[in-house]
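Asker: here's a sequence, model it:
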Amino acid sequence: MPAIATEQNRRMSWDEMVKEYPDRWVVIKDAEMDGPDIISGIIVTVKSDDDIMRFRIDNQKKGYKFYRTSEGDFYGIIDADINISVD
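Answerer: Okay, the predicted model is just below:
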């Protein structure tokens, strides 16, 4: 998959991210949130569906946030604690 050109370390609003990077995963830091909604963030990188999982695994301890700019058919990522018990 070819690299996606991005302006790294640039703060963008969520609307700007959606417009500039449709159907992509944006990886951001220093996110400004309004409850569960992202207002803006600093772009770390932008990834395709094919590339996001490897990037996420490799960078899981860096505190980045991962958002897809549009809904679509892609694998899911659940960011939650899972407690399983077997009786």
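Asker: host element of the most centrally placed residue in the chain?
Answerer: Against the mean C-alpha coordinate of the chain, by C-alpha atoms, centre = their mean, the closest residue is Phe66 at 1.9 Å. Assigned by DSSP states H and E, Phe66 belongs to strand 65-68.
Asker: what's the answer for Val44, then?
Answerer: With elements taken from DSSP H and E, the one containing Val44 is strand 37-47.
Asker: and the next helix or strand along the chain from that strand, what does it pack against?
Answerer: Downstream of strand 37-47, the next assigned helix or strand under DSSP H and E is helix 49-58. Using 3 or more C-beta pairs under 8 Å, 6 or more residues apart in numbering; DSSP states H and E, the elements in contact with helix 49-58 are strand 25-34. C-beta: built from backbone N, CA, C; applies to glycine.
Asker: pLDDT on the strand it packs on, on average?
Answerer: Mean per-residue pLDDT for strand 25-34: 94.
Asker: just want the angle from that strand to strand 37-47.
Answerer: Strand 25-34 runs at 160 degrees relative to strand 37-47, counting by axes from the mean of the first three to the mean of the last three C-alpha atoms, to 10 degrees.
Asker: which helices and strands sit right next to strand 25-34?
Answerer: strand 37-47, helix 49-58, strand 65-68.
Asker: what would these look like in a markdown table with distance to Glu20 and mean pLDDT?
Answerer: Shown next, in a markdown table, are these (distance: least, C-beta to C-beta, whole Å; pLDDT from 0 to 100):
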| stretch | distance to Glu20 | mean pLDDT |
| --- | --- | --- |
| strand 37-47 | 9 | 94 |
| helix 49-58 | 17 | 94 |
| strand 65-68 | 13 | 93 |
